[in-house]
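A.B. asks: Sequence first, predicted model second:
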Amino acid sequence: MARRAMSLLPSWSSRVFSVELDGAPVYFSLREKHRGEEAPRVFSRVPERSGCFSLLVCGGDRIRRAKFYAQLGDRLSRDLLPGCDLAPMASFLPNVRGSLMKGYFVKDNSESSSASERLLRDLTRTEPVLVCSYSRDRDGQMWTQHLWPPADGQGTDTSKSKYYVVPSEAPDYHPSTLNIINSDVFYSFEEAYEVIKQCGDIIPEATSVLELLPSRAEARGRPDFPVIVIEGLDATGKTTLTESLRDSLGATLLRSPPQCLSPLRARFDQEPPLIRRAFYALGNYITAEQIGQEAMKTPVIVDRFWHSTAAYAIATAVSGPVCNLPAEGLELYRWPSDLLQPSLVVLLTLDPEERKRRLRDRGQGKTEEEQELDHNQLFRCRVEEAYRRISGPACVTVDASPSADQVLQQVRLLIRGKCHL
Ligand SMILES: Nc1ncnc2c1ncn2[C@@H]1O[C@H](COP(=O)(O)OP(=O)(O)OP(=O)(O)O)[C@@H](O)[C@H]1O
Ligand SMILES: Nc1ccn([C@H]2C[C@H](O)[C@@H](COP(=O)(O)O)O2)c(=O)n1
């Protein structure tokens, strides 16, 4: 951990930090000399003898990092004194892919910060974290950041790690977009496979996933029969439509994740994004193998595929309004080159009120992500927009509010036009 932390130090003063305050990020950066700027807003109203801290998850292997970060917020809320404010934070090098570190900012509002310091010091001894403390300079106006030496004290010169904290401009892209590739969205079988393989010693079910994988993932040549994927938020009518298409076209109906992963799905849904998304990514490759076999004999209809995997992952990694999504046309939205490409992808869209009505009428239990979709209008908009931005193949949007039969006819027309069926 110490050696890894050291390798981050040369870039420390080029980093930007963001603290989520009331749902909006406040950005700051570090300077060796102060030029009279006011301290960033996050440092207001801290008692004289107390201070602020940042805790960034880094070092260690990525599985451990992901697992630790997933429970860090709860752990800090539980163990910090009631007078402390806790806010999600991140640190990144602007426009440098993979440079994002996530963590928490602690503002101690109690008379003395010694209890927080003790707790954070203990964490640095056992966990993959970097901790910085912030203190006021003599006149009380400026704040300085001090990087704590790693717990084993190996070779860190702390006198060189003191910086003034100054406000910073918002970056061009939302910082979360920097780490999406191969942490939230996987663009090859190998990348997703590596994650699930590395989980084997902590998640026994990972071995079962590996046993179900096709021996070699490769985009086959074009299948003999058309492959039509139906996508959309929950309750937009995918099941209803895919079953009707199967019956009316004499097609085979498949889904992603495939049936064989159903018993394992709930287990992986509990895991942090890195592991959960790798599981769904591999599900697509198993489904692709099944598609390859079935499409030699009949047309194939698929209920959810890679569009779902990528769109939900991107929409979850980024917070806030749609404008925080990675820009349209970026490589983040490209189809994995080793994954079978469908002939047509249809995205069903529905007015949010009608979607809610259908959900109520259906009356089944909801997953956490489905509840999030219900409660969070912004999340729903981000998922739909991410769906639309994915290319290679892009999806064709169909309004799913008419009757089930009308939607079926509409999609049949599209299939006839595109696949001559
Ligand atoms: N065109 C339609 N008009 C009215 N109701 C519909 C229509 N299509 C489907 N429904 C009803 O809406 C509900 C949700 O449909 P369905 O289960 O097909 O959606 P889904 O997209 O597969 O959902 P999920 O992703 O959550 O499985 C069901 O009760 C279904 O009968
Ligand atoms: N190919 C897939 C299918 C599903 N997911 C994820 C995205 C959502 O979290 C959830 C939705 O599935 P449903 O509840 O409708 O079965 O599953 C995915 O990532 N990739």
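C.D. replies: That came in fine, so what should we check first? Ligands and ions are numbered 1, 2, ... in the order given.

A.B. asks: how close does the residue lying closest to Lys107 once chain neighbours are set aside sit to Arg267?
C.D. replies: Nearest residue to Lys107, sequence neighbours excluded (C-beta to C-beta, 6 or more residues apart in numbering): Asp85, at 4.3 Å. Placement of C-beta: from N, CA and C, glycine included. According to C-beta to C-beta, to the nearest Å, Asp85 and Arg267 sit 34 Å apart.

A.B. asks: ok, and for whichever strand or helix holds the residue nearest to Lys107, which residues are buried?
C.D. replies: Taking DSSP states H and E as the criterion, Asp85 maps to strand 84-92. Using 16 or more other C-beta atoms under 10 Å as the burial criterion, the residues of strand 84-92 that qualify are 84, 87-92.

A.B. asks: Can you dump the C-alpha atoms of the helix or strand following it in PDB for me?
C.D. replies: Downstream of strand 84-92, the next assigned helix or strand under DSSP H and E is strand 101-108. Provided in PDB are the C-alpha atoms of strand 101-108 (Å, rounded to 0.1, in the frame of the first residue of the first chain):
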ATOM      1  CA  MET A 101      -9.800   8.000  -6.500                       C
ATOM      2  CA  LYS A 102     -13.100   8.000  -4.500                       C
ATOM      3  CA  GLY A 103     -13.500   8.600  -0.800                       C
ATOM      4  CA  TYR A 104     -15.000  10.800   1.800                       C
ATOM      5  CA  PHE A 105     -14.500  14.300   3.200                       C
ATOM      6  CA  VAL A 106     -15.000  14.600   6.900                       C
ATOM      7  CA  LYS A 107     -15.700  18.000   8.400                       C
ATOM      8  CA  ASP A 108     -15.300  17.800  12.200                       C
END
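
A.B. asks: Give me the contact list for strand 101-108.
C.D. replies: Defining contact as C-beta atoms under 8 Å, 6 or more residues apart in numbering, one finds that strand 101-108 is touched by 8, 19, 42-43, 46-47, 50-58, 69, 72-73, 76, 80-81, 83-92, 116, 120, 129-130.

A.B. asks: Tell me which of those fall in helices.
C.D. replies: If you go by DSSP state H, these have 8, 69, 72-73, 76, 116, 120 in helices.

A.B. asks: Most neighbours of all those, which one?
C.D. replies: Greatest neighbour count in the ones in helices among the contacts of strand 101-108, by other C-beta atoms under 10 Å, goes to Ser116: 24 neighbours.

A.B. asks: Just the pLDDT at the spatially closest residue to it that is not a sequence neighbour, thanks.
C.D. replies: Once flanking residues are discounted, Ser116 sits nearest to Asp108: 4.8 Å by C-beta to C-beta, 6+ apart. At Asp108, the model reports a pLDDT of 92.

A.B. asks: Would you quantify the distance from Asp108 to ligand 1?
C.D. replies: Asp108 sits 44 Å away from ligand 1, going by C-beta to the nearest ligand atom, to the nearest Å.

A.B. asks: Tell me what that residue is bridged to.
C.D. replies: Cys84 (DSSP bridges).

A.B. asks: quick one: it and Arg45, what's the gap?
C.D. replies: Asp108 is 11 Å from Arg45, by C-beta to C-beta.

A.B. asks: Comparing those two, which shows the higher neighbour count?
C.D. replies: Between Asp108 and Arg45, counted using other C-beta under 10 Å, Asp108 has the larger neighbour count: 24 against 7.
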